[in-house]
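[1] just need the structure, nothing else, for what follows:
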Amino acid sequence: MILARNLEMLVLATRARKRHAPAATVVYECLDIHRMLLSNSPGGGLLRLLETKLCQEVDLLLTSSPAFVRNYFTPRGFLAPIRLVENKVLVLSDTASRTTPRRPPPGPPWRIGWFGVIRCRKSLDILSSVARAAWGDVEVVIRGRPSGATFPDFEAAIANRPHIRYAGPYRNPDDLPDIYGDVHFNWAVDYYESGQNSSWLLPNRIYEGSFHGTIPIALKGVETGRC
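    Numbers count the residues shown, from 1 in each chain. Okay, here's the model as predicted:
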(Lines give C-alpha, C1' and ligand atoms only; values in the text may rest on other atoms or scores of the structure.)
Protein backbone atom coordinates (compact mmCIF):
# COMPACT_ATOMS: atom_id res chain seq x y z
CA MET A 1 0.00 0.00 0.00
CA ILE A 2 1.15 3.53 -0.78
CA LEU A 3 -0.38 6.25 1.41
CA ALA A 4 -0.42 9.78 0.01
CA ARG A 5 -1.10 12.23 2.83
CA ASN A 6 -1.89 15.22 0.58
CA LEU A 7 -2.27 16.13 -3.08
CA GLU A 8 1.45 16.74 -3.61
CA MET A 9 2.22 13.28 -2.25
CA LEU A 10 -0.47 11.78 -4.48
CA VAL A 11 1.53 12.89 -7.52
CA LEU A 12 4.52 10.96 -6.20
CA ALA A 13 2.42 7.98 -5.07
CA THR A 14 0.90 7.35 -8.49
CA ARG A 15 4.29 7.61 -10.20
CA ALA A 16 5.89 5.34 -7.61
CA ARG A 17 3.26 2.66 -8.16
CA LYS A 18 3.74 2.72 -11.93
CA ARG A 19 7.51 2.46 -11.64
CA HIS A 20 8.08 0.26 -8.62
CA ALA A 21 4.93 -1.43 -7.27
CA PRO A 22 2.21 -1.89 -9.91
CA ALA A 23 0.20 -4.19 -7.62
CA ALA A 24 0.15 -1.75 -4.68
CA THR A 25 -2.99 -0.02 -3.44
CA VAL A 26 -2.94 3.80 -3.50
CA VAL A 27 -4.69 5.51 -0.59
CA TYR A 28 -5.32 9.26 -0.69
CA GLU A 29 -5.65 10.93 2.71
CA CYS A 30 -7.37 14.32 2.62
CA LEU A 31 -8.00 15.91 6.02
CA ASP A 32 -8.49 19.48 4.77
CA ILE A 33 -9.69 20.99 1.50
CA HIS A 34 -7.14 23.65 0.66
CA ARG A 35 -8.62 27.00 -0.38
CA MET A 36 -6.79 26.81 -3.73
CA LEU A 37 -8.83 23.69 -4.60
CA LEU A 38 -12.00 25.74 -4.01
CA SER A 39 -10.82 28.81 -5.86
CA ASN A 40 -12.47 29.98 -9.10
CA SER A 41 -9.12 31.26 -10.34
CA PRO A 42 -7.27 29.58 -13.25
CA GLY A 43 -4.84 28.13 -10.72
CA GLY A 44 -7.70 26.59 -8.74
CA GLY A 45 -9.17 25.09 -11.89
CA LEU A 46 -5.84 23.53 -12.85
CA LEU A 47 -5.41 22.02 -9.38
CA ARG A 48 -8.88 20.46 -9.55
CA LEU A 49 -8.10 19.02 -12.97
CA LEU A 50 -4.90 17.53 -11.58
CA GLU A 51 -6.72 16.07 -8.58
CA THR A 52 -9.47 14.62 -10.78
CA LYS A 53 -6.91 12.93 -13.03
CA LEU A 54 -4.89 11.55 -10.12
CA CYS A 55 -7.99 10.33 -8.27
CA GLN A 56 -8.76 7.99 -11.15
CA GLU A 57 -5.82 5.94 -9.86
CA VAL A 58 -6.84 6.06 -6.19
CA ASP A 59 -8.17 2.87 -4.59
CA LEU A 60 -9.35 4.37 -1.29
CA LEU A 61 -9.92 7.86 0.10
CA LEU A 62 -9.44 8.61 3.80
CA THR A 63 -11.06 11.80 5.05
CA SER A 64 -11.95 13.18 8.47
CA SER A 65 -15.39 14.80 8.14
CA PRO A 66 -18.72 13.81 6.56
CA ALA A 67 -19.02 17.37 5.25
CA PHE A 68 -15.96 16.88 3.05
CA VAL A 69 -17.74 13.94 1.46
CA ARG A 70 -21.08 15.76 1.05
CA ASN A 71 -19.74 19.09 -0.13
CA TYR A 72 -16.61 18.23 -2.05
CA PHE A 73 -15.89 14.64 -3.01
CA THR A 74 -19.42 13.48 -3.91
CA PRO A 75 -20.19 16.53 -6.11
CA ARG A 76 -16.82 16.02 -7.80
CA GLY A 77 -17.82 12.47 -8.79
CA PHE A 78 -15.10 10.74 -6.82
CA LEU A 79 -15.42 7.03 -7.69
CA ALA A 80 -13.18 5.22 -5.19
CA PRO A 81 -14.50 3.95 -1.84
CA ILE A 82 -14.40 6.56 0.92
CA ARG A 83 -13.61 5.78 4.55
CA LEU A 84 -14.30 8.32 7.28
CA VAL A 85 -11.55 8.39 9.91
CA GLU A 86 -12.27 11.15 12.43
CA ASN A 87 -9.51 12.87 14.43
CA LYS A 88 -10.43 11.07 17.63
CA VAL A 89 -8.10 10.81 20.61
CA LEU A 90 -5.89 7.73 20.33
CA VAL A 91 -6.16 5.78 23.58
CA LEU A 92 -3.52 3.07 23.86
CA SER A 93 -4.22 1.93 27.42
CA ASP A 94 -7.26 1.04 29.51
CA THR A 95 -5.94 3.25 32.30
CA ALA A 96 -6.21 6.39 30.17
CA SER A 97 -9.79 5.58 29.12
CA ARG A 98 -10.85 5.09 32.77
CA THR A 99 -9.21 8.27 34.11
CA THR A 100 -11.68 10.82 35.48
CA PRO A 101 -11.13 14.19 33.74
CA ARG A 102 -9.77 16.94 35.94
CA ARG A 103 -12.24 19.80 36.34
CA PRO A 104 -11.59 23.40 37.42
CA PRO A 105 -13.62 24.92 40.27
CA PRO A 106 -16.91 26.47 39.08
CA GLY A 107 -16.61 30.09 37.96
CA PRO A 108 -16.54 32.96 37.96
CA PRO A 109 -14.15 33.42 36.48
CA TRP A 110 -15.31 31.10 33.71
CA ARG A 111 -12.36 30.11 31.56
CA ILE A 112 -12.57 29.50 27.81
CA GLY A 113 -9.69 27.57 26.25
CA TRP A 114 -8.63 28.15 22.65
CA PHE A 115 -6.06 25.50 21.77
CA GLY A 116 -4.28 24.24 18.66
CA VAL A 117 -3.29 26.21 15.58
CA ILE A 118 -4.32 29.81 16.32
CA ARG A 119 -5.22 31.28 12.95
CA CYS A 120 -8.65 32.95 13.22
CA ARG A 121 -8.55 36.70 13.82
CA LYS A 122 -12.34 36.91 14.11
CA SER A 123 -12.28 34.37 16.93
CA LEU A 124 -9.74 36.49 18.78
CA ASP A 125 -11.91 39.58 18.34
CA ILE A 126 -15.05 37.77 19.59
CA LEU A 127 -13.29 36.28 22.61
CA SER A 128 -11.73 39.65 23.42
CA SER A 129 -15.12 41.34 23.28
CA VAL A 130 -16.70 38.74 25.58
CA ALA A 131 -13.84 38.90 28.09
CA ARG A 132 -13.86 42.70 28.13
CA ALA A 133 -17.63 42.92 28.58
CA ALA A 134 -17.60 40.37 31.43
CA TRP A 135 -15.29 42.50 33.61
CA GLY A 136 -13.23 39.56 34.83
CA ASP A 137 -16.01 36.98 35.04
CA VAL A 138 -14.71 35.40 31.81
CA GLU A 139 -11.06 34.62 31.09
CA VAL A 140 -9.60 33.31 27.84
CA VAL A 141 -6.60 30.98 27.87
CA ILE A 142 -4.82 30.45 24.55
CA ARG A 143 -2.38 27.58 24.00
CA GLY A 144 -0.77 26.36 20.79
CA ARG A 145 1.01 27.85 17.81
CA PRO A 146 -0.26 31.14 16.35
CA SER A 147 -0.18 31.32 12.56
CA GLY A 148 2.45 33.76 11.37
CA ALA A 149 0.38 34.48 8.26
CA THR A 150 -2.56 35.72 10.38
CA PHE A 151 -0.65 37.05 13.37
CA PRO A 152 2.87 38.21 12.43
CA ASP A 153 3.31 39.40 16.04
CA PHE A 154 0.86 37.49 18.22
CA GLU A 155 2.19 38.85 21.51
CA ALA A 156 1.48 42.38 20.28
CA ALA A 157 -1.96 41.34 18.98
CA ILE A 158 -3.12 40.34 22.47
CA ALA A 159 -1.10 42.83 24.51
CA ASN A 160 -3.96 45.28 25.13
CA ARG A 161 -6.77 42.76 25.43
CA PRO A 162 -7.82 42.33 29.07
CA HIS A 163 -8.45 38.90 30.60
CA ILE A 164 -6.75 37.08 27.69
CA ARG A 165 -3.63 35.04 28.40
CA TYR A 166 -1.34 33.22 25.97
CA ALA A 167 0.43 30.35 27.74
CA GLY A 168 2.57 29.15 24.83
CA PRO A 169 2.70 25.86 22.88
CA TYR A 170 1.96 22.47 24.41
CA ARG A 171 2.88 18.83 23.91
CA ASN A 172 0.25 16.56 22.42
CA PRO A 173 -0.92 14.27 24.00
CA ASP A 174 1.15 14.73 27.18
CA ASP A 175 -0.23 18.15 28.14
CA LEU A 176 -3.86 17.65 27.08
CA PRO A 177 -5.23 16.62 30.52
CA ASP A 178 -3.69 19.70 32.13
CA ILE A 179 -4.68 22.30 29.55
CA TYR A 180 -8.26 21.07 29.17
CA GLY A 181 -8.56 20.42 32.89
CA ASP A 182 -7.82 24.09 33.54
CA VAL A 183 -10.77 25.50 31.53
CA HIS A 184 -14.56 25.20 31.59
CA PHE A 185 -15.24 25.65 27.87
CA ASN A 186 -13.48 24.65 24.67
CA TRP A 187 -13.54 27.18 21.81
CA ALA A 188 -14.22 25.13 18.65
CA VAL A 189 -15.24 28.01 16.37
CA ASP A 190 -13.21 28.82 13.24
CA TYR A 191 -13.95 31.57 10.72
CA TYR A 192 -10.60 31.30 8.95
CA GLU A 193 -12.11 29.84 5.75
CA SER A 194 -15.77 30.45 6.52
CA GLY A 195 -18.21 28.77 4.14
CA GLN A 196 -15.55 26.36 2.95
CA ASN A 197 -12.99 24.28 4.83
CA SER A 198 -13.69 25.89 8.22
CA SER A 199 -17.39 25.11 7.90
CA TRP A 200 -16.77 21.48 6.94
CA LEU A 201 -13.92 20.26 9.14
CA LEU A 202 -14.10 18.51 12.51
CA PRO A 203 -11.02 19.80 14.36
CA ASN A 204 -8.93 17.83 16.83
CA ARG A 205 -10.01 20.13 19.66
CA ILE A 206 -13.62 18.84 19.43
CA TYR A 207 -12.47 15.33 20.30
CA GLU A 208 -9.66 16.28 22.67
CA GLY A 209 -11.80 18.65 24.71
CA SER A 210 -14.75 16.27 24.92
CA PHE A 211 -12.49 13.36 25.91
CA HIS A 212 -11.17 15.48 28.79
CA GLY A 213 -14.61 16.63 29.90
CA THR A 214 -14.56 20.21 28.59
CA ILE A 215 -17.76 21.69 27.14
CA PRO A 216 -17.31 22.70 23.47
CA ILE A 217 -18.49 26.01 22.04
CA ALA A 218 -19.37 25.57 18.36
CA LEU A 219 -21.36 27.32 15.66
CA LYS A 220 -24.82 26.13 14.71
CA GLY A 221 -25.04 25.28 11.01
CA VAL A 222 -21.46 24.10 10.50
CA GLU A 223 -20.12 20.56 10.94
CA THR A 224 -18.76 21.19 14.45
CA GLY A 225 -22.25 22.28 15.53
CA ARG A 226 -23.80 19.14 14.02
CA CYS A 227 -21.20 16.98 15.76
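[2] who's in contact with the nearest residue to residue 1 once chain neighbours are set aside?
    Sequence neighbours aside, residue 25 is the residue nearest to residue 1 in space, at 4.7 Å (criterion: CB to CB, 6 or more residues apart in numbering). Heads up, the C-betas are built off the backbone N, CA and C, glycines and all. Counting by CB atoms under 8 Å, 6 or more residues apart in numbering, residue 25 makes contact with 1, 2, 59, 60.
[3] measure the second one to residue 148 for me?
    The spacing between residue 2 and residue 148, counted by CB to CB, to the nearest Å, is 32 Å.
[4] then residue 21?
    Counting by CB to CB, the gap from residue 21 to residue 148 is 38 Å.
[5] those two: who's more crowded?
    residue 21 (13 against 10; other CB atoms under 10 Å).
[6] pLDDT value on the residue nearest to the more buried one when sequence neighbours are not counted, please?
    Nearest non-adjacent residue to residue 21, counting by CB to CB, 6+ apart: residue 2, 6.8 Å away. Here the pLDDT value assigned to residue 2 is 97.
[7] bridging residues for residue 2?
    Per DSSP bridges, residues listed as beta-bridge partners of residue 2: residue 26.
[8] now the buried members of the contacts of residue 25.
    Neighbour-count burial (16 or more other CB atoms under 10 Å) applied to these gives residue 2.
[9] among the contacts of residue 25, which two are most distant?
    Using CB to CB, the pair of the contacts of residue 25 lying farthest apart is 2 and 60, separated by 10.9 Å.
[10] quickly list what's touching both of these two.
    Here residue 2 and residue 60 share the contacting residues 25, 26, 27, scored by CB under 8 Å, 6+ apart.
[11] let's have these in CSV, adding distance to residue 185 and pLDDT.
    Formatted as CSV, those follow (distance: CB to CB, whole Å; pLDDT from 0 to 100):
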residue, distance to residue 185, pLDDT
25, 42, 97
26, 42, 97
27, 36, 98
